[in-house]
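Asks: Got a predicted model here, sequence first, then my questions.
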Amino acid sequence: MTDRSHAGRLVLRFLLFLNIGFLTPVFASPGCQEDVNVDVAAIDRGRVLNGAAQYLKEPPLTVTAFSSPRSAGGVHEFFSEGDYWWPDPKNPDGPYVQRDGMTNPENFVKHREMMQRFCKAVSTLAAAYKITHDEKYAVQAVRHLKAWFVDDSTKMFPHLKYAQAIKGRVTGRGVGIIDTIHLIEVARSVEVLSGSASLNNADESAIKRWFSEYLAWLLTHEYGIAERDAKNNHGTWWVAQAAAFAHLVGDTGALSFCRTRFKTVLLPNQMAADGSFPEELRRTKPYNYSLFNLDGMGLICRILSTPEDNLWEFTLPDGRNMRKGMEFLYPYIADKSKWPYPRDVMYFEYFPVRLPSLLFAGIALREPKFIETWKKLDPDPTNAEVQRNVPVRQPVLWVD
């Protein structure tokens with residue numbers, strides 16, 4: 001998108017809001033918030049401002065602050081290791097072996113931690129800016145954005161060639177793309193900050209250029225294609241990421257591709273007749289993965305739905321749709337003790353937390369019970385594994 005004056009950007013945002021601009025409308029919800037009586041800004045004001053006060057004090061840290069001798073990449077390249085891969089007891093110096101569902105605590109996680117720290121800071125500061133219009137929050141958010149996407153000495157390169165590596169086996173894998181789901185809310189934060197006095201034209205263009213390059217990598221690299229074609233939550237979250245980044249940069253072709261993929265691949269291939277997700281239920285963490293996949297689909301519907309093309313209401317010929325998926329899992333979110341499947345091998349006790357799918361579905365489907373349950377759940381889980389699986393932390397950024 002070309003640079004434009006501050007006033008021009010405000011005019012464009014107004015036109016987009018009215019859905020008469022040339023890009024996708026800015027998260028126009030097919031439903032009405034008033035129908036379910038939820039004021040997210042009022043509910044979250046205290047927690048957002050308290051969090052923002054802390055992040056005002058914290059300097060940016062990027063992938064360049066930490067490195068691992070096991071990475072095949074350079075200082076600017078994100079690196080992580082496969083969660084469920086461990087040293088082989090029979091060959092300690094040889095290739096790692098898999099223990100599905102069991103996280104290896106000795107893995108290199110600093111880049112993940114720095115990315116989550118960054119995403120929490122930017123989304124919280126952007127939320128505080130949206131609620132208060134105080135530029136001090138925008139100033140600090142832009143500092144973090146520039147460190148990650150603009151400044152040559154600290155920025156991350158826009159690819160994930162070295163994510164979820166496995167010692168002795170591969171230097172990176174397509175499944176590593178799941179590590180950047182946290183950038184979804186960063187992309188949304190940039191949209192919220194667009195037009196603020198603190199985000200100038202040059203920096204905004206540079207940030208969007210980074211996301212355009214990363215989106216192109218997701219669409220064309222063999223790792224991106226492999227992740228796109230995954231038959232479980234990885235395929236869902238690939239679409240969620242591509243949709244969020246395409247929305248930010250105005251890539252209407254990618255947005256259309258993501259809508260079509262939701263209708264023709266994700267929903268028909270992942271949801272069973274009863275609304276469950278069989279690929280998630282057969283895993284060693286069936287509860288967590290089911291919620292995770294539902295959140296991904298809910299986020300896709302939130303990003304991509306328009307009054308003319310409402311993914312929340314889209315229904316397959318046999319009746320499968322998002323309402324059916326929500327209704328299948330809702331009883332076990334409201335009361336986990338009713339869960340009829342095996343317990344997760346790890347972290348079962350830490351779920352559920354405040355899931356964005358409950359809020360988004362409650363608004364779009366006009367279902368108050370989803371909203372009421374959402375209000376009761378923990379919005380700020382402290383367990384690291386839970387935080388990894390809930391990349392939408394500031395719902396006020398997503399609603400008007």
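Replies: Looks like it came in fine.
Asks: Low-confidence stretches in the stretch 201-350 of the chain?
Replies: Under the criterion pLDDT under 70, no range of the stretch 201-350 of the chain is flagged.
Asks: now the helices: where do they sit in the stretch 151-300 of the chain?
Replies: Taking DSSP state H, counting those that start in this stretch as the criterion, the stretch 151-300 of the chain carries its helices at 183-193, 201-220, 222-228, 233-249, 252-261, 267-270, 278-281, 286-304.
Asks: Rebuild the ones you listed as TSV, extending it with distance to residue 158 and mean neighbour count.
Replies: In this view, the C-beta of every residue, glycine as well, is placed from N, C-alpha and C. Output for the helices of the stretch 151-300 of the chain, formatted as TSV (distance: least, CB to CB, whole Å; neighbours: other CB atoms under 10 Å):
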stretch	distance to residue 158	mean neighbour count
helix 183-193	10	24
helix 201-220	4	18
helix 222-228	12	18
helix 233-249	10	25
helix 252-261	15	17
helix 267-270	28	17
helix 278-281	29	18
helix 286-304	20	25
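Asks: would TSV of those helices with distance to residue 92 be doable?
Replies: As requested, those are arranged in TSV below (distance: least, CB to CB, whole Å):
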stretch	distance to residue 92
helix 183-193	36
helix 201-220	35
helix 222-228	29
helix 233-249	30
helix 252-261	43
helix 267-270	38
helix 278-281	33
helix 286-304	30
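Asks: Between those helices, which one is closest to residue 49.
Replies: helix 183-193 (15.5 Å; CB to CB).
Asks: Next one: residue 332 from residue 375, what distance?
Replies: In this structure, residue 332 lies at 18 Å from residue 375, with CB to CB, to the nearest Å as the measure.
Asks: So between those two, which is more surrounded?
Replies: residue 332 (18 against 15; other CB atoms under 10 Å).
Asks: Next up, the contacts around the more buried one.
Replies: Residue 332 is in contact with 287, 338, 339, counting by CB atoms under 8 Å, 6 or more residues apart in numbering.
Asks: Could you do residue 256 as well?
Replies: Listed by CB under 8 Å, 6+ apart, the contact set of residue 256 is empty.
Asks: beta partners of residue 165?
Replies: When bridges are called by DSSP bridges, residue 165 pairs up with residue 81.
Asks: That one touches residue 174, doesn't it?
Replies: No: counting by CB atoms under 8 Å, residue 165 does not reach residue 174; the two are 11.9 Å apart.
Asks: Could you check which of those two is surrounded by more residues?
Replies: Comparing residue 165 with residue 174 by other CB under 10 Å, the one with more neighbours is residue 165, at 26 against 22.
Asks: Quick check: pLDDT value at the more buried one.
Replies: In the predicted model, residue 165 carries a pLDDT score of 95.
Asks: Okay, it and residue 241: tell me how far apart.
Replies: Spatial separation of residue 165 from residue 241 under the definition CB to CB is 20 Å.
Asks: right, and residue 181 touches residue 391 too?
Replies: Yes: under the contact definition of CB under 8 Å, residue 181 touches residue 391, with a separation of 4.5 Å.
Asks: who are the neighbours in contact with the nearest residue to residue 379 once chain neighbours are set aside?
Replies: Ranked by CB to CB, 6 or more residues apart in numbering and with sequence neighbours excluded, the top spatial neighbour of residue 379 is residue 354, at 4.4 Å. If a contact means CB under 8 Å, 6+ apart, then residue 354 has 374, 377, 378, 379, 390 as its contacts.
Asks: No further queries at this time; thank you.
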